[in-house]
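1. After the sequence you'll find the predicted model.
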Amino acid sequence: AGPVRRGGRVTTTARDWAELLRGHRGTYGERMLAAYDELDRRLVAAGFPPTSPWWRSRIAEHYAGGRQVMVARVGRRGGKSSTVSRVAVLEALHGEHRIPPGDLGVVAVVSTRRDEAANRLRTIRAILDALGVEHRPCDGGLELVDRSVAFKVYAASIAGVSGFTAIFVLLDEVAKWRDAETGANPATEVIASVRPTMATQPRASMWLVSSPMGTFDAHYDAFERGTTAEQLTAHAPSWVANPTLTEEQTRRLEPSSLVWAREYAAVPQAEVESSLLSAELLSRSLLPELHAPEPGHVYIATTDPATRSNAWTFCITTRTHGDVRRVVLAREWRGTKDRPLDPDEVARDQAGLMARFGCKVVIGDQWAADALAASYRRAGVGYHSEPWTPALRAEAYEGLAALLASDRLRVPPDDLVRSDLLGLLRVLTRNGETYLLQERNGRHSDYAPAIAMGALRAGVMPREVPREVDPVKRATFERVKERKKREERMGILLGRR
């Protein structure tokens, strides 16, 4: 037995790995740690970064204590995905789990974001390939060829994490989970639902690994219970868990002290309200409005309707070179309780602005959608309503913040636009992260929804516009083309070919 060469490459099976370490004696924890060190050594030889000293100590502590749960609060870029993926492979190859005949032991990666979960699966696949461990695709993930173990991705929902036998469960970035429908963090219910999947596997373990969010989520609660007979807790800022980073580098990556403390120093925040957008970055993103469309660009219109207390706002946005979203026009209409706005009049005004930029449809939310659609139809344009759900609102606002942070947002130098965008607040609650529009100076941050929706939906890159042909050259070309056609017709009449 042992590694064999197949097709020019060395292939190792799960049983080969067991034989490599058969001579190691000691406790289960000692055997697992020895196996981890061998796995890590082979990965480093294959070009992977080594496990950091901090993570190596936590893994040793976990297996030495024989605990079922690990709760790790670690800053961003702290080596979480790389390290925990290695532990997942370790459990699949070396975990002494007794899988009943016909059953499948599952290494479960649970996340509300399928892209994040898919990234973990890619890392696991890369580790297996580097180790030469044979695997094949299966429904929802990967399956080892000669062992009844699979790596699978699951949605973070009560229904999504039941009906399998778990030998290892990774709850990935659990503090930042958000339900797609409600916007709330479902972690408490998911944890309660996933525990029974480990009931028949006494050596199964569950790792809750995340950078922190607030002080009112399941990850925070678990961490605050501290190290017990059942669980181990561990905390590290990014630069401690990953010494290739420095504290100074992380401060340059995140200018906001509040966000830096949470994301890199791994300090959860109490329930506070803070502006989602940076005033300093916003001041650098100003660009005058356009009075006419630029060649090759596609423009979209968005609106946030209101008729009485709030402003009815309207924006036209485009996506330009460098993946920059530019708000080229921003307008508002104000009504009062005594004299509310007439939707037909506002729709006609907006239709005139839309015609300048070639927009045929305006996008808004679901508020009075049928009546608004009729008003816009009478103005000669269409109205497309998108339900402004908590999930879509979070996607739009977070996307706006990401665009601003990466210098890919341009807005008009308008005081109301600036004030409304700075009035977009991020609030941490027990149900996770939510967003509020600040009320001040008689406004309700009215431009923020229309601008955020425009930035989200302006997804068409500008096309290359052909250069204008010289009129004289064009006329000459047309004369030559016409003469050639006449000659061909004459040739046909004379019987020429």
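-> Structure received. What you see is a predicted model; the values in this text were computed from it and never measured.
2. Extract the C-alpha set from stretch 156-175 and format it as PDB.
-> Output of stretch 156-175 as PDB, limited to C-alpha atoms (Å, rounded to 0.1, in the frame of the first residue of the first chain):
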ATOM      1  CA  ALA A 156     -28.100  28.500   6.400                       C
ATOM      2  CA  SER A 157     -31.800  27.700   7.000                       C
ATOM      3  CA  ILE A 158     -33.600  25.300   9.300                       C
ATOM      4  CA  ALA A 159     -34.700  23.100   6.400                       C
ATOM      5  CA  GLY A 160     -31.300  23.300   4.700                       C
ATOM      6  CA  VAL A 161     -29.300  21.700   7.500                       C
ATOM      7  CA  SER A 162     -31.100  18.500   8.300                       C
ATOM      8  CA  GLY A 163     -31.300  15.000   6.900                       C
ATOM      9  CA  PHE A 164     -27.600  14.000   6.800                       C
ATOM     10  CA  THR A 165     -24.900  12.500   9.100                       C
ATOM     11  CA  ALA A 166     -22.300  15.100  10.000                       C
ATOM     12  CA  ILE A 167     -18.800  14.400  11.000                       C
ATOM     13  CA  PHE A 168     -17.600  18.000  10.800                       C
ATOM     14  CA  VAL A 169     -19.700  21.200  10.500                       C
ATOM     15  CA  LEU A 170     -18.300  24.600   9.500                       C
ATOM     16  CA  LEU A 171     -20.600  27.600  10.200                       C
ATOM     17  CA  ASP A 172     -18.800  30.100   8.000                       C
ATOM     18  CA  GLU A 173     -18.800  33.800   8.900                       C
ATOM     19  CA  VAL A 174     -21.800  33.000  11.100                       C
ATOM     20  CA  ALA A 175     -22.000  36.500  12.800                       C
END
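3. Buried residues in that stretch, which are they?
-> By neighbour count on 16 or more other Cβ atoms under 10 Å, the buried set for stretch 156-175 is 156-157, 160-161, 164-175. Quick note: C-beta positions are derived from backbone N, CA and C, even for glycine.
4. Keep only those of these that are in strands.
-> Mapping the buried residues of stretch 156-175 onto strands (DSSP state E) picks out 165, 166, 167, 168, 169, 170, 171, 172.
5. circling back: from the buried residues of stretch 156-175, which has minimum pLDDT?
-> Within the buried residues of stretch 156-175, pLDDT reaches its minimum at residue 160, with 72.
6. what residues are up against that one?
-> The neighbourhood of residue 160, defined by Cβ atoms under 8 Å, 6 or more residues apart in numbering, consists of 110, 154, 190.
7. Let's see if you can find the most crowded of these.
-> Taking other Cβ atoms under 10 Å to define a neighbour, the member of these with the most is residue 110, carrying 28 neighbours.
8. And that one, how far from residue 173?
-> Relative to residue 173, residue 110 is positioned 10 Å away (criterion: Cβ to Cβ, to the nearest Å).
9. Export only the CA atoms of the helix or strand hosting residue 363, formatted as PDB.
-> Following DSSP states H and E, the helix or strand that holds residue 363 is strand 361-364. Output of strand 361-364 as PDB, limited to C-alpha atoms (Å, rounded to 0.1, in the frame of the first residue of the first chain):
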ATOM      1  CA  VAL A 361     -38.400  52.900 -18.300                       C
ATOM      2  CA  VAL A 362     -37.900  54.200 -14.700                       C
ATOM      3  CA  ILE A 363     -37.200  51.800 -11.800                       C
ATOM      4  CA  GLY A 364     -38.900  52.300  -8.400                       C
END
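10. Report all helices and strands that it contacts.
-> Counting contacts by 3 or more Cβ pairs under 8 Å, 6 or more residues apart in numbering; DSSP states H and E, strand 361-364 packs against strand 299-304, strand 382-385, helix 447-457.
11. To residue 321, which of the ones you listed lies closest?
-> strand 299-304 (14.9 Å; Cβ to Cβ).
12. which residues are in contact with the closest one?
-> Under the contact criterion Cβ under 8 Å, 6+ apart, strand 299-304 has outside partners 293, 312-318, 328, 350, 353-354, 357-359, 361-365, 446-447, 449-451, 453-454, 457-458.
13. For ChimeraX, write a command that selects the buried ones of these.
-> Buried members of those, identified by 16+ other Cβ under 10 Å, are gathered into one ChimeraX selection as follows:
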select :293,312,313,314,315,316,317,318,328,350,353,354,357,359,362,363,364,365,446,447,449,450,451,453,454,457,458
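14. For the closest residue to residue 331 other than its chain neighbours, name its beta-bridge partners.
-> Across the structure, with Cβ to Cβ, 6 or more residues apart in numbering as the measure, the residue nearest residue 331 apart from its sequence neighbours is residue 314 (4.9 Å). Taking DSSP bridges as the rule, residue 314 bridges to residue 303, residue 331.
15. Model confidence score at residue 314, please.
-> Looking at residue 314, its pLDDT reads 98.
16. Ok, residue 338 next?
-> pLDDT for residue 338: 89.
17. Can you classify it by secondary structure?
-> Going by DSSP: H, G, I helix; E, B strand; the rest coil, the secondary structure assigned to residue 338 is coil.
18. what's the burial count for it?
-> Taking other Cβ under 10 Å as the criterion, the count of residues near residue 338 is 6.
19. show me where the stretch 101-250 of the chain has strands.
-> Per DSSP state E, counting those that start in this stretch, the stretch 101-250 of the chain has strands spanning 105-111, 135-138, 141-144, 149-155, 165-172, 205-210, 231-236. These are given in chain order.
20. May I have whichever strand or helix holds residue 400 as PDB, with CA atoms only?
-> Assigned by DSSP H and E, residue 400 belongs to helix 390-405. The C-alpha atoms that make up helix 390-405 are tabulated as PDB, following Å, rounded to 0.1, in the frame of the first residue of the first chain:
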ATOM      1  CA  PRO A 390     -34.500  43.900   3.400                       C
ATOM      2  CA  ALA A 391     -32.200  41.600   1.300                       C
ATOM      3  CA  LEU A 392     -32.400  43.900  -1.800                       C
ATOM      4  CA  ARG A 393     -32.000  47.000   0.300                       C
ATOM      5  CA  ALA A 394     -28.900  45.500   2.000                       C
ATOM      6  CA  GLU A 395     -27.400  44.500  -1.400                       C
ATOM      7  CA  ALA A 396     -28.000  48.000  -2.800                       C
ATOM      8  CA  TYR A 397     -26.600  49.900   0.200                       C
ATOM      9  CA  GLU A 398     -23.600  47.600   0.700                       C
ATOM     10  CA  GLY A 399     -22.900  47.700  -3.000                       C
ATOM     11  CA  LEU A 400     -22.900  51.500  -2.800                       C
ATOM     12  CA  ALA A 401     -20.500  51.500   0.100                       C
ATOM     13  CA  ALA A 402     -18.200  49.100  -1.800                       C
ATOM     14  CA  LEU A 403     -18.200  51.300  -4.900                       C
ATOM     15  CA  LEU A 404     -17.300  54.400  -2.800                       C
ATOM     16  CA  ALA A 405     -14.600  52.600  -1.000                       C
END
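21. who's in contact with that helix?
-> Under Cβ under 8 Å, 6+ apart, the answer for helix 390-405 is 178-183, 276-278, 281-282, 285, 324-325, 386, 409, 421, 424, 433-435, 448-449, 451-453, 455-456.
22. So which bits of that helix are buried?
-> Neighbour-count burial for helix 390-405, counted by 16+ other Cβ under 10 Å, picks out 390-394, 396-401, 403-405.
23. same thing with stretch 115-133?
-> Of the residues in stretch 115-133, those buried (16+ other Cβ under 10 Å) are 117, 119-121, 123-125, 127-128, 130-133.
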